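Novice: Generate coordinates for the sequence data below:
(2 chains)
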Amino acid sequence: MPTPSNDPATSESPLAIETHGLTKRFGERTALDGIDLRVPRASAFGFLGPNGAGKTTIIRTLLGLTSANSGTMEVLGHPMPLEGAQALQRVGAIVEEPRFHMHLTGRENLRLIAAVRGPEVYDRIDPALARVGLSERAGEKVKSYSMGMRQRLGVARCLLADPLLLILDEPTNGLDPGGIQEFREMIRAMVEQEGRTVFISSHLLDEVERTCDAAAIVDRGKIITQGTIAELAGGGVARHELVLGVDDSDRALGTLHSSDLVLEANRFDDGIRVVLADGVGRVESAAAVNALLVHAGVGVARLEPVRHSLEQRFLEITARLDEAPVDSPGSSTREEVRS
Amino acid sequence: MTAIALRMTGADFLKLRRKRWLVLLSLFLTLGILVIVYLVTVIQHASNPGAHGPAGGTKNFSDGMRVLALFFGPLAAILIGVEAGTGDASAGVFRDLVVTGRSRLALFATRVPAALALCWTVILAGFALLLIGSIVFASNLPTPSTSLILNGLGFTLLATGVLCVIAVCFASFTTSRPGAIVTLIAWQVVASPLIASISSLGSARKGILSQAIIHFSPVSVEGRRGAQVAMSQGTALLVLIVWLVVFLALGAWRTRTMDA
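Specialist: Residues are numbered from 1 along each chain as shown, chains lettered A, B, ... in the order given. Sure thing, here's the model as predicted:
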């Protein structure tokens, strides 16, 4: 599969997706409420949220499948829907589950899309099928495919666009663990080796954490927070924390409080929790803390980095949202939970 | 037609011709019915030539052509047109076509020639069988003239083609396959003849599509070409054009504006 090339169809915007105040209503219900989203190019970006949060609606709006009530959006630097034709030339997307003409073969389904996209696309069919591991089954009717195979065929269909931007809605649905691992590797290769942007909507926090560089958390049609995975998991900054098991807690706390390496140190049931100062590498600072304590005569039995998971952070945010009173769109809820 | 439009039409034609049930049912309506009719009439003629005439000849050709052009052919045209109009939406792939960036109007427009291609293929197969049967089984009866054959062919293609285009448009408008099929067949088979028979409606009946189509029939029935409403050739042509324009506009509008 060729690396994405510069194309007159794409602009030089550093952002693959940019929205301002994007709002979509279905009758009285506000599905998207002033979404401001910035997805940098050449990254894997997760769009996280519980079911019904508005993930699919924003994808459908970005792709021109449904219209927005207000706000602006750009895809690959092109205002949508005004320049939709140019923008979508280099966009591949799976919206909700991938759907096909079941009475046609996998290859025939791709030929239908190639016919619509343009003659140069026919040459991409076989490489795309090979890339998703469907070459040998491409001549079979899609109705005989498993869900996982249909997901793969959906990705192959996206690849026909030689996409600068891939938009994937819950892409690991139906994949077995091996398939998920392969999928994850494929996404990382697309981003790191080919410079593509991959926008993944998912409610699977672990999946986003493992696959993506950055993410936005959405709930009830609003972006709650966005940033790198480390920032999100750390509550707005990339925090490095350690848990220490020591033989003399008082002396250890005194030593730690007097060190520039340490931002915070507190006693907990499981030991002493240490928040390391910013700008210091995780490994270097852990080693330095160990040396500091040993030098002060404190015996260190355990030193363990704390891994902040995105799941933990997500649950904190959504729990706080649940506690907040549900009021009209544009309330201060979003600001309250921003760290 | 540009190269891309030809490819898109070819893709739409592929979707239709690979629908086995659609092709088989359409062939049954156009070929199968005629085969049955010929079988019955040939057997009747063979068993009792005095009471039953030969299965071929000009009169049987005319009767068969009307059946093909005005009843079973339109049924096949409706089935094919509706499938062309709703196939992408009902399979859930319309949104995948939209996200290619190709104009929705282009996506709609290529459905029409693809549907006509399949429709006229099965209609031509039926017409060929009808023609062959009317010559082979003519016995001592006169066979259809070249003029009647050509006019009959033109009329059959016109009658089924108009229905097929309207079916594509109506199905694109409703996006419901069963709803479109039931509505169009009910209109064509039940409502149109019923309304045409209500003489108190007067010249308003000129607006009925089937009456306008029948006006172009090359064979006369009861002195009025089988139509129950008298109208000029120009009026009949105008009615056809209005029906086509209105339905094309509806189908295009819906395809352009619907949530995909």
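Novice: where do the helices sit along the stretch 1-150 of chain B?
Specialist: B:3-17, B:20-27, B:33-47, B:58-67, B:73-91, B:94-98, B:104-109, B:111-136, B:146-174 (DSSP state H, counting those that start in this stretch).
Novice: Which strands or helices does the first one pack on?
Specialist: Other elements packing on helix B:3-17 under the criterion 3 or more CB pairs under 8 Å, 6 or more residues apart in numbering or on different chains; DSSP states H and E are helix A:106-117, helix B:20-27, helix B:73-91, helix B:104-109, helix B:111-136. (Each C-beta comes from the backbone N, C-alpha and C, glycine too.)
Novice: tell me the average confidence for the shortest one?
Specialist: When pLDDT is averaged along helix B:104-109, the result is 95.
Novice: again with the first one
Specialist: Averaged across helix A:106-117, pLDDT comes to 96.
Novice: pLDDT-wise, which helix or strand of chain A ranks last?
Specialist: helix A:333-337 (a mean of 35; mean pLDDT, DSSP states H and E).
Novice: picking that back up, of all the helices and strands packed on helix B:3-17, which lies closest to residue B:54?
Specialist: Proximity to residue B:54 (CB to CB) singles out helix B:111-136 among the helices and strands packed on helix B:3-17, at 9.5 Å.
Novice: which element follows the helix or strand that contains residue A:178 toward the C-terminus?
Specialist: Per DSSP states H and E: residue A:178 is located in helix A:177-192. Downstream of helix A:177-192, the next assigned helix or strand under DSSP H and E is strand A:197-202.
Novice: Give me the contacts around that next one.
Specialist: Here strand A:197-202 makes contact (CB atoms under 8 Å, 6 or more residues apart in numbering or on different chains) with A:16-17, A:39-49, A:55-56, A:58-59, A:164-172, A:187, A:190-191, A:207-208, A:211-212.
Novice: Mind giving me the PyMOL select for these, buried ones only?
Specialist: The command below creates a PyMOL selection of those among the contacts of strand A:197-202 that count as buried (16 or more other CB atoms under 10 Å in any protein chain shown):
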select buried, chain A and resi 16+17+39+41+42+43+44+45+46+47+48+49+55+56+58+59+164+165+166+167+168+169+170+171+172+187+190+191+207+208+211+212
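Novice: for the residue in the stretch 151-300 of chain A that chain B sits nearest to, helix, strand, or coil?
Specialist: The stretch 151-300 of chain A approaches chain B most closely through residue A:157 (6.7 Å), counting by CB to the nearest CB. The three-state assignment at residue A:157 reads helix, by DSSP: H, G, I helix; E, B strand; the rest coil.
Novice: What about it, how many residues nearby?
Specialist: Residue A:157 has 27 neighbouring residues, counting by other CB atoms under 10 Å in any protein chain shown.
Novice: what stretches of the stretch 151-260 of chain B score poorly on pLDDT?
Specialist: Applying pLDDT under 70 to the stretch 151-260 of chain B picks out residues B:221-227.
Novice: Within range of chain A, give me the residues from it.
Specialist: Within the stretch 151-260 of chain B, the positions near chain A by CB under 8 Å from any CB of the partner chain are B:259, B:260.
Novice: which stretches of the stretch 151-260 of chain B form helices?
Specialist: B:177-185, B:192-197, B:209-214, B:233-257.
Novice: can you give me the offset of the helix holding residue A:178 from its chain's centre?
Specialist: 13 Å (CA atoms, centre = their mean, to the nearest Å).
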